[in-house]
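>>> sequence and predicted structure below; questions after.
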Amino acid sequence: MNHLETTPKKENSLFHFFKVLHSYEAKQPFASVGIDAMKLLEHIALQHAAGQPMTVSQAMKLTSIASPSSIHKKIEKLRGADLIHHQFSTTNRRTKYLTPSAYAVSYTHLRAHETLMN
C-alpha cells in the first residue's frame, strides 16, 4: 500500500475528524475570524501550552501567516471574538502576552483529541 492509499476504517475516521472539526469551526466565533487568524491562534495556543506565552512582538514576526500589520489586525479580531486575551507581566507592563481563552483552549483540545483518535 502506498502512502496515498487509505484503509476504509482510516478513511471513515478521517472523514469523521473533518466533520467534527468543520462543524465546530462553523460556529461563532470561529467562522468570523478567518483561516489566517486561526493559524495565529494555533501558534498562540502552542506557545501557551509549552508554558511560554507568545508576546505581541513575537506574533508580529510570524510572516509565514501574514504581514506584521495584518497580524496585528488578526490579533484584534481574535480578541474581539474572545478567543485570546492580553496579559501583562507584573514586572513589565509594556510587554503584552497573548493567551488563548477557555473557549479557544477547548477547541484546541478537541482538535488534539480527534487527531489522536485517528
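Perfect, I can see it now. Everything quoted here is computed from the prediction, not taken from an experiment. Numbering: from 1, shown residues only.
>>> shaky segments in the chain?
Where the chain drops to pLDDT under 70, the residues are 1-11, 14, 17, 21, 24-28, 30-31, 109-118.
>>> same thing but 50
Applying pLDDT under 50 to the chain flags the ranges 1-4, 6.
>>> can you give me the helices in it?
Along the chain, counting by DSSP state H, helices occupy 8-25, 30-33, 35-49, 56-60, 68-80, 102-117.
>>> tilt between the fifth one and helix 35-49?
Here helix 68-80 runs at 70 degrees with respect to helix 35-49, directions being taken by axes from the mean of the first three to the mean of the last three CA atoms, to 10 degrees.
>>> pretty sure Pro53 sits against Thr95.
No - assessed by CB atoms under 8 Å, Pro53 is found out of contact with Thr95, at 10.0 Å. Every C-beta, even on glycine, is put in place using the N, C-alpha and C of the backbone.
>>> these two: which is more packed in?
Pro53 (18 against 13; other CB atoms under 10 Å).
>>> can you pull the contacts of that one?
Ile44, Gln47, Gln87, Tyr97, Leu98, Thr99 (CB atoms under 8 Å, 6 or more residues apart in numbering).
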